[in-house]
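K.L.:
next input, structure requested:
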Amino acid sequence: LAQPRWRISHSGPPHSHSAMFQDGGAIHVIEGPDAGDLELNEGEYDVEPDVIVSKFKKFVREFAYGTAGTGAQNIGTMKYRNQLQQNCLAGDYRLEVSFNDLTTWEDSEILAHKLLTSPTQFVPLCERALQELYAELIRAGTEEEKVPSIQLQLTCDADLEGSSDKMRPKKIRELVASEVEQLVVVQGIVISVKRSRHKARKVVIKCSSCENQKDLTVPAGFCAAHVPGVCDGNALRGGQLERCPNNPFVFVDDLCEYMDEQVIKLQELPEHVPVGEVPRSFDLYVHNHNVDKCSPGTRLTAIGIFAATEMSADKQEAQQRGGAGTVKYSYVQVLGLDVAQGSMGQDALKLTAEEVEKFEQLAKDPNIREMIYESIAPSICASSKDSVGEVKKAMACLLFGGSPLADDATMAAAAPVKMQEVKDITRIERIG
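P.N.:
Model (predicted):
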C-alpha cells in the first residue's frame with residue numbers, strides 16, 4: 001500500500017482551502033471547510049472524528065453496485081447496506097468492506113486516506129458508525145436495548161505485479177519501521193496457528209470500598225487496559241464518604257465483554273526469499289470473526305495494521321541492552337483475511353469444471369492405485385529384486401491416509417513419529 005502524498009493549497013477566499021494528494025499517479029483535490037474549523041500541522045489534513053463517522057455511514061448507506069451482474073446483483077443495489085442488514089439479522093455481526101470501493105467512491109477520499117495512514121485511530125470510529133447504523137436500520141421499532149459490537153473487515157484486490165487498479169502487497173522483508181501504524185497488505189504461508197483464547201474487550205471494575213463502578217475499553221491487539229490506582233468515588237459524592245484505600249478496584253467478571261483472539265505465524269512465500277537466505281516469518285493477530293479461518297500450510301493475503309508494542313525481555317537480553325527491560329515487538333493486527341489455498345478443508349482451491357471431470361474419471365479407473373504408485377519418484381524404477389515398490393506404496397499411504405488431529409497435544413505426540421518416517425524415507429537409495 002503506497003502512502004499518498006498530501007499538499008495543502010490555499011485558493012479562493014482567504015478563509016478557505018483545499019487538500020491535494022497524489023495516489024497511484026492521479027491527483028485528488030478535496031475541498032475543506034474554513035481554516036478556522038480545523039488545524040493544519042505541517043501539511044496534515046486534520047478531520048474531526050464525527051466527520052469520519054458521518055462519511056462512513058453515508059458510504060455504507062449509499063454505495064451501490066455500478067456494474068451489471070456484480071455479485072449476482074443489479075445496478076443500483078445497495079451493496080453494504082444490504083450486507084449489514086442480512087448479517088446482523090442472521091446473528092453475524094460484521095461487515096466486509098472492499099478498500100478498493102472506498103478509494104473509488106466519490107465522497108470517501110479523505111476516509112480512505114485516514115484508514116490508510118491512521119488505521120488505529122479511525123477503524124474504531126468506523127465500527128462505532130456501524131453500531132449507529134444498526135440502531136437506525138435494524139433495531140428501529142424493536143424493544144432491543146443493547147447494541148452489539150460489529151466488526152469491520154477490510155478486503156482488497158492484491159496483485160503481486162502491482163497493476164494500476166490493484167494494491168501491491170508488501171513482502172515481509174519490506175515491513176520496516178516507517179510502516180508502523182500504517183495499513184499494509186502481506187502475503188505468505190501459515191506455518192503455525194495457536195489455539196484461540198478469550199480476551200476482555202470491555203472490563204468492568206468496581207471499588208471494594210464505595211462500590212464506584214467504571215467501564216474500561218481494551219483496544220484490539222496486544223494491548224491491555226490501565227486500571228486506576230485511586231478511586232474518585234468520594235470526590236464525585238462531594239467528599240461525604242471516607243477516602244478509599246489505594247488500589248481498591250476489583251473486576252466484575254459477569255459484566256465484562258469478551259472476544260476470541262488468535263496468533264498466526266506467517267512465513268514469506270518461497271518466491272520472495274532471495275537465493276541463499278532463510279525464510280522470514282511474522283506474527284498475525286486475528287480476533288472475532290477472523291479466528292480459525294486457516295490452518296498450517298494455508299496461503300493467504302492479510303490486510304491489517306502494522307503495529308509495535310512492548311514485551312518483557314529475558315535477563316540475558318536485558319543485560320545486552322544495558323539494563324533495558326523492554327523491547328519492541330512488531331506484528332500485524334489483521335482486519336481482513338483472504339485465504340487462497342488450504343483453508344481448513346473448505347473449497348479454497350479453485351477447480352475448473354474440466355479438472356473436476358478429469359478427477360472423477362480417474363476415480364473410476366480400476367488401476368488408479370498403480371498409477372499413484374508409479375507417479376511417486378518415477379525416475380526410481382521398482383523391480384522384484386528390491387523393495388522400492390513397497391516403499392512407494394507406503395509413501396502413498398502416508399500422503400492419502402491419516403485423520404484430523406484433535407489438539408496441539410496430539411500433534412506434538414505425533415510429530416516425532418512423522419519425523420522418523422521422513423528420515424527413513426530419505427535414507428532409501430536406488431539398488432542396482
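
K.L.:
who does the lengthiest strand in the chain pair with, and is each partner parallel or antiparallel?
P.N.:
As far as residue count goes, and with DSSP state E defining each element, the longest strand of the chain is strand 326-341. Take DSSP bridges as the rule and strand 326-341 pairs in its sheet with strand 281-287 (parallel), strand 299-312 (antiparallel).

K.L.:
return the residues in contact with the closest residue to Val250 other than its chain neighbours.
P.N.:
Using Cβ to Cβ, 6 or more residues apart in numbering and skipping the chain neighbours, the partner closest in space to Val250 is Ser208 (5.4 Å). For every residue, glycine as well, the C-beta is placed using N, CA and C. Under the criterion of Cβ atoms under 8 Å, 6 or more residues apart in numbering, the contact partners of Ser208 comprise Pro248, Phe249, Val250.

K.L.:
let's see 10 Å
P.N.:
With Cβ atoms under 10 Å, 6 or more residues apart in numbering as the criterion, the residues that contact Ser208 are Cys231, Cys244, Pro245, Asn247, Pro248, Phe249, Val250.

K.L.:
among those residues, which ones are buried?
P.N.:
Buried residues within the contacts of Ser208, counting neighbours by 16 or more other Cβ atoms under 10 Å: Cys231, Cys244, Pro248, Phe249.

K.L.:
biggest separation within those residues, which pair?
P.N.:
Cys244 and Phe249 (9.3 Å; Cβ to Cβ).

K.L.:
so what sits against both of those two?
P.N.:
Residues touching both Cys244 and Phe249 (Cβ under 10 Å, 6+ apart) are Cys207, Ser208, Ser209, Asn212, Val230, Cys231.

K.L.:
gap between the fourth one and Lys206?
P.N.:
Using Cβ to Cβ, to the nearest Å, one gets 7 Å for the distance from Asn212 to Lys206.

K.L.:
overlap of the contact sets of these two?
P.N.:
Between them, Asn212 and Lys206 share these contacting residues under Cβ under 10 Å, 6+ apart: Cys231, Gly233, Pro248, Phe249.

K.L.:
ok and the helix or strand Val190 falls within relative to strand 326-341, angle-wise?
P.N.:
Counting by DSSP states H and E, the element that carries Val190 is strand 183-193. Strand 183-193 runs at 80 degrees relative to strand 326-341, counting by axes from the mean of the first three to the mean of the last three Cα atoms, to 10 degrees.

K.L.:
got the CA coordinates for whichever helix or strand comes after strand 183-193 in PDB?
P.N.:
Moving toward the C-terminus from strand 183-193, the next helix or strand (DSSP H and E) is strand 197-207. This file holds the C-alpha atoms of strand 197-207, laid out as PDB (Å, rounded to 0.1, in the frame of the first residue of the first chain):
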ATOM      1  CA  ARG A 197      -8.300 -17.800  23.600                       C
ATOM      2  CA  HIS A 198     -10.700 -15.200  25.100                       C
ATOM      3  CA  LYS A 199      -9.800 -11.600  25.800                       C
ATOM      4  CA  ALA A 200     -11.900  -9.000  27.500                       C
ATOM      5  CA  ARG A 201     -12.700  -6.100  25.200                       C
ATOM      6  CA  LYS A 202     -14.700  -4.200  27.900                       C
ATOM      7  CA  VAL A 203     -13.700  -4.500  31.500                       C
ATOM      8  CA  VAL A 204     -16.000  -3.500  34.400                       C
ATOM      9  CA  ILE A 205     -14.300  -2.700  37.600                       C
ATOM     10  CA  LYS A 206     -15.800  -1.800  41.000                       C
ATOM     11  CA  CYS A 207     -14.400  -0.100  44.100                       C
END
